[in-house]
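Trainee: Have a look at this prediction, sequence included:
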Amino acid sequence: MRIIIAKAGLDGHDRGAKIIARALRDGGHEVIYTGLRRTPEQIVSITRDEDASAIGISTLSGAHSRLLPMICKILKEADMGDIVVFAGGIIPDPDRDEIYNAGVRAIFGPGTSMSEPIRFLEEAQLRREEGKPTGVGEGGEWRWQ
Amino acid sequence: MAMNFSETLFDSAIGGDRRALAKLLTIAEEGGSMRAYDKKSSWILGVTGPPGAGKSTLIDRLASNWSEKGESIAILAVDPSSPVSGGALLGDRARMVFSDPSKVYFRSVSSRGSSGGISNGVRRMVEVLQGLGWDRILIETVGAGQGEFAIASVADRVMLVEGPDRGDIIQAEKAGILEIADIIACNKSDLPGSQESANSIKEGLSFSEGAPEVISVSALKGSGLDDLVDRLDQITPNPDRLLMRSAILLDSILADRMRRRPSYEGAMQAMASRTIKPDEAADMVEFDDGRI
């Protein structure tokens, strides 16, 4: 898969993003890292220009409840509801439902093993091939737990 | 998921739809069926050089400079894939800070293990961009070896980017690639030692006839950029260099085809176990089905 790994907003810590980018590369994916401090609009444009099929957003700034739903909304408005969105970083449990409801399919917190996002993407790929709702705008109840 | 070319996609891309453009390029990259494009006269530049020389930053500056003059710019940035997993980490985009992404199209490309193979993909992508009328098309490759030069040689003109105190200049000289660039940008002219390295490149070239020009530039500070922009437009493809670059590109495509032959694996194994000589292994690959 072609996957965008993004850092959104005022968040200067990208060690986690770079590690996940490397893990996904080692899982055989083509990973495009956006660099720091991208706006939600920029992240969507990059995904479109790169013809990527998934976006992973790393967030450590505490602004996840605003930025993640915003990215999901812009994707849907841009007719890119087929894109798979997942997140990682510090996202407290009480905030997660809202983010899942916006269309994010997986949230990987601290302590996640590197193989987990790879297994998530394998399943996402499989679901797509089977025509099951997988993308950010495709609805359904699917969440990676 | 193999997709094929569709006229709708092409019409949308002509109308400026970036998603359609991105999909067309994926089809081209993967070798899907395309129509013959009515090519417009695009200006195509290959940019190569060792890691850390500042290629991405320099390309960012150039793209910004041209797009401010109203020209449309598309960049194909090729990065190597991991030989173990086949995956790739494509990070050149993170360095694009000066140019306006709504005017400059940037696309990351994985080499997918073979310079010969990807050079075909890049050539097809360039054809799509030409068909859509992009004014300037840049192909960025990392490294200063034959493989990287093969991909850059898809372009009509090639710029080699070097930095000061890298020692890579000697490597580039050894690999014989200094002379086959049309122009050499000696980047990071704001750092100490840059003048010396520009001089040493010039000295390395001084005995060859029609040697490429060496331009000092600082992508970071922007100094020397106007000079570089002027010189780039003055490049006239030199027949000798075109010939040398064509040879490198042809070699890499042939090598890629040979590696795909069914007998390749067996020949390699036999050679590794020392049961046959390298020449015999090559014969096995070359003649097994009677044609190249």
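Mentor: Perfect, I can see it now.
Trainee: C-alpha from now on. contacts and neighbour counts both.
Mentor: OK.
Trainee: The one helix or strand residue B:120 maps to close to chain A?
Mentor: Per DSSP states H and E, residue B:120 falls inside helix B:115-131. No. Applying CA under 8 Å from any CA of the partner chain, one finds helix B:115-131 separated from chain A by no less than 12.9 Å.
Trainee: Give the partner strands of the next helix or strand after that helix in its sheet and their orientations.
Mentor: Note on helix B:115-131: by DSSP H and E, the next helix or strand toward the C-terminus is strand B:136-141. According to DSSP bridges, strand B:136-141 has the following sheet partners: strand B:43-48 (parallel), strand B:73-79 (parallel).
Trainee: Most tightly packed of the ones you listed?
Mentor: Among those, ranked by average contacts under mean count of other CA atoms under 10 Å in any protein chain shown, first place goes to strand B:43-48 (a mean of 24).
Trainee: Just give me how far the helix or strand that that one is followed by sits from the chain centre.
Mentor: As assigned by DSSP H and E, the chain's next helix or strand after strand B:43-48 is helix B:55-68. Put simply, helix B:55-68 sits 16 Å off its chain's centre (CA atoms, centre = their mean, to the nearest Å).
Trainee: what angle sits between helix B:55-68 and strand B:73-79?
Mentor: Here the directions of helix B:55-68 and strand B:73-79 differ by 170 degrees (axes from the mean of the first three to the mean of the last three CA atoms, to 10 degrees).
Trainee: what helices or strands is helix B:55-68 leaning on?
Mentor: Packed against helix B:55-68 by the contact rule (3 or more CA pairs under 8 Å, 6 or more residues apart in numbering or on different chains; DSSP states H and E) you find strand B:73-79, strand B:104-110, helix B:225-234.
Trainee: which SS state does residue B:189 fall under?
Mentor: coil (DSSP: H, G, I helix; E, B strand; the rest coil).
Trainee: got a list of what it touches?
Mentor: If a contact means CA atoms under 8 Å, 6 or more residues apart in numbering or on different chains, then residue B:189 has B:164, B:195, B:216-218, B:223 as its contacts.
Trainee: Try it again at 10 Å.
Mentor: Applying CA atoms under 10 Å, 6 or more residues apart in numbering or on different chains, we find residue B:189 in contact with B:163-164, B:195, B:197-198, B:215-224.
Trainee: now swap in residue B:44 and tell me
Mentor: Residue B:44 touches B:74-75, B:126, B:130, B:134-139, B:152, B:154-158, counting by CA under 10 Å, 6+ apart.
Trainee: Please report which of those has the highest neighbour count.
Mentor: Taking other CA atoms under 10 Å in any protein chain shown as the neighbour criterion, residue B:152 ranks highest of the contacts of residue B:44 with 32 neighbours.
Trainee: That one contacts residue B:120, correct?
Mentor: No. Using CA atoms under 10 Å, residue B:152 is not in contact with residue B:120; the gap is 11.4 Å.
Trainee: hey, what's in contact with both of these two?
Mentor: By CA under 10 Å, 6+ apart, the residues touching both residue B:152 and residue B:120 are residue B:249.
Trainee: nearest spatial neighbour of the residue of chain B found nearest chain A, skipping sequence neighbours?
Mentor: Nearest residue of chain B to chain A: residue B:87, at 3.7 Å (CA to the nearest CA). Nearest residue to residue B:87 in three dimensions, chain neighbours excluded: residue A:28, at 3.7 Å (CA to CA, 6 or more residues apart in numbering or on different chains).
Trainee: What about that neighbour, how many residues nearby?
Mentor: 21.
Trainee: can you confirm it is in a helix?
Mentor: No. Using three-state DSSP, the assignment for residue A:28 is coil, not a helix.
Trainee: can you list the weak-confidence ranges in the stretch 151-292 of chain B?
Mentor: Within the stretch 151-292 of chain B, the segments meeting pLDDT under 70 span B:165-177, B:206-209, B:289-292.
Trainee: quick one: stretch B:242-249 to chain centroid distance?
Mentor: Distance of stretch B:242-249 from the chain centroid (CA atoms, centre = their mean) equals 13 Å.
Trainee: Then stretch A:123-138?
Mentor: Using CA atoms, centre = their mean, the offset of stretch A:123-138 from its chain centre is 14 Å.
Trainee: isn't residue A:109 right up against residue A:86?
Mentor: No. With contact defined as CA under 10 Å, residue A:109 does not reach residue A:86; the gap is 11.3 Å.
Trainee: Overlap of the contact sets of these two?
Mentor: Common neighbours of residue A:109 and residue A:86 (CA under 10 Å, 6+ apart) are residue A:58.
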